Structure formats: C-alpha cells, structure tokens
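Student: compute the structure for the input listed below.
(chains A and B)
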Amino acid sequence: GENVEQHPSTLSVQEGDSAVIKCTYSDSASNYFPWYKQELGKGPQLIIDIRSNVGEKKDQRIAVTLNKTAKHFSLHITETQPEDSAVYFCAASKVDYGQNFVFGPGTRLSVLP
Amino acid sequence: EAGVAQSPRYKIIEKRQSVAFWCNPISGHATLYWYQQILGQGPKLLIQFQNNGVVDDSQLPKDRFSAERLKGVDSTLKIQPAKLEDSAVYLCASSSLGVSSYNEQFFGPGTRLTVL
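Tutor: Predicted coordinates:
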C-alpha cells in the first residue's frame, strides 16, 4: 500500500523567512496530493492541493511543487507569520480508487516573532 | 455553512469499557470518513461511507470497532471493548462528491479519547 514520508518533523523559522516541508510517496498511481494545516485542538484544514497533471500551484504565500518521477512533493510558505505556526500534514491519494488519503506523520512549524 | 460536528469532544474511560462517538457531516455531503489520529502521527483512515454504504473499512479493527451511517447522514463509531492503545483523537470528515473525484475533505474538531 501507499506510504508517505514527511520531513522535517519539526521546523522553526524567524518571522518573514520561508519554510519548506518535503514529502515522498511510494505508489506511482497516486494522483492527488493535498496539504492540511492542523491547529491545536482543531481538525485538519486544507490549505492547498495539487493534482498529478500539474507541476506547481501557488496561492498567495503558499505554493506546492510536485515531481512525479521522483515521487516527491513540497510545501513552500514564504513571508511566514506567527499565525502560520501549526502542524502541517501532506497526504497522497488515488482518486480513481476512492479518496482514501494516506497522511504523512506531520511537521510542527514554529514561526518565531 | 456549518462545519462537521462531533461529540463528545473529550472522553475518558477505563480499558474494557465501551464508548461511542457521534458525527454530523456538512449538509448534503455524501461521503463520510472516520480517522484515528494517535498523538504525534497523521490521521489514519478507519472507515469510509458513501451515503449509507461502506466503501472502505479495510483498516477498521472489526473485532472491537464498529461504525454505522444508517440514514446516510450522521454516523456513530463505537469501540467495545476499549484497549489502552485506542487512546487517540477520532476525527470525522465529509466531502461533497463521489469517490472518483477531486474534492476537499472537511474535518470536524475531533473527539479525544483517553483509555486508562
């Protein structure tokens, strides 16, 4: 079955700096890759996603890149702000077989003021 | 639009007791998911419903876990009997379209279960 790895497990950056989180997946048939942000005591919330027919997607300060050949994808947050502090999860899914997400173990991002 | 509702938010029980969690998805969402999130890990899918039918329950420990969605709306997840390793946050999520589509899963706040 699918296996998703995520690095780093913790990340501290200064406010205004950029943050990058990387994920790798094992199943080449996976074709949908969402990123979720989870704040303390809350459920995960989708922040950006990418499909396998796209190499990059951007939404304001957040961008995701996908390398299908290498089977890895990354989340990039620019101009980080204290409210970006949270746990971030990547996931992989084979949409044609049902949206069963396999999540990575998460990255705890701390943005220091 | 109201989000996914879950109750209770917290539950503490002793091992071998039973417990039930309730989820009310976003109105009109056909697909409902239950996830288990152990501290420090990503959510793991337990069961997926499409309306009131089970799409995937391959990772549900069926000897002790059960779930139902009788009218295709709200759902309950039950554990009987509970074990120490069941301590986790149980997340419910819902999505609007069928299984073969790209669509966002909306998560509820979760129920934090502690088994003593």
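
Student: going forward, measure contacts between C-alpha atoms and count neighbours the same way
Tutor: Noted.

Student: tell me the contacts of the residue nearest to the spatial centre of chain B?
Tutor: Chain B has B:Trp34 as the residue nearest its centroid, 2.6 Å off, counting by C-alpha atoms, centre = their mean. Residues counted as contacts of B:Trp34 (C-alpha atoms under 8 Å, 6 or more residues apart in numbering or on different chains) are B:45-48, B:77, B:90-93.

Student: could you redo the last one with a cut-off of 10 Å?
Tutor: B:23, B:43-49, B:57, B:60, B:67, B:75-77, B:90-94, B:107, B:110 (C-alpha atoms under 10 Å, 6 or more residues apart in numbering or on different chains).

Student: what helix or strand is the nearest residue to it once chain neighbours are set aside located in?
Tutor: Once flanking residues are discounted, B:Trp34 sits nearest to B:Cys92: 4.6 Å by C-alpha to C-alpha, 6 or more residues apart in numbering or on different chains. Using DSSP states H and E, B:Cys92 falls within strand B:88-95.

Student: tell me the buried residues in the helix-or-strand element of chain B with minimal mean pLDDT?
Tutor: Lowest mean confidence among the helices and strands of chain B (mean pLDDT, DSSP states H and E): strand B:53-56, at a mean of 90. Residues B:54-56 are the ones in strand B:53-56 that count as buried (16 or more other C-alpha atoms under 10 Å in any protein chain shown).

Student: near chain A, from those residues?
Tutor: B:55-56 (C-alpha under 10 Å from any C-alpha of the partner chain).

Student: tabulate the buried residues of strand B:53-56 (JSON lines), appending distance to A:Lys94.
Tutor: Formatted as JSON lines, these follow (distance: C-alpha to C-alpha, whole Å):
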{"residue": "B:Val54", "distance to A:Lys94": "18"}
{"residue": "B:Val55", "distance to A:Lys94": "14"}
{"residue": "B:Asp56", "distance to A:Lys94": "13"}
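
Student: what's the closest of the buried residues of strand B:53-56 to A:Lys37?
Tutor: Nearest to A:Lys37 among the buried residues of strand B:53-56: B:Asp56, at 24.8 Å, using C-alpha to C-alpha.

Student: tell me the contacts of that closest one?
Tutor: B:Asp56 makes contacts with A:98, A:100, B:33, B:45-50, as judged by C-alpha under 10 Å, 6+ apart.

Student: for A:Phe33, state which of those is nearest.
Tutor: A:Asn100 (11.2 Å).

Student: shouldn't A:Glu83 be within a helix?
Tutor: Yes - counting by DSSP: H, G, I helix; E, B strand; the rest coil, A:Glu83 is part of a helix.

Student: state the pLDDT value of the residue nearest to it when sequence neighbours are not counted.
Tutor: Spatial nearest neighbour of A:Glu83, excluding adjacent residues (C-alpha to C-alpha, 6+ apart): A:Val111 at 7.8 Å. pLDDT recorded at A:Val111 is 97.

Student: next one: A:Val111 from B:Arg64, what distance?
Tutor: Using C-alpha to C-alpha, to the nearest Å, we find A:Val111 at a distance of 41 Å from B:Arg64.

Student: same question for A:Leu11.
Tutor: Distance, A:Leu11 to B:Arg64, by C-alpha to C-alpha: 37 Å.
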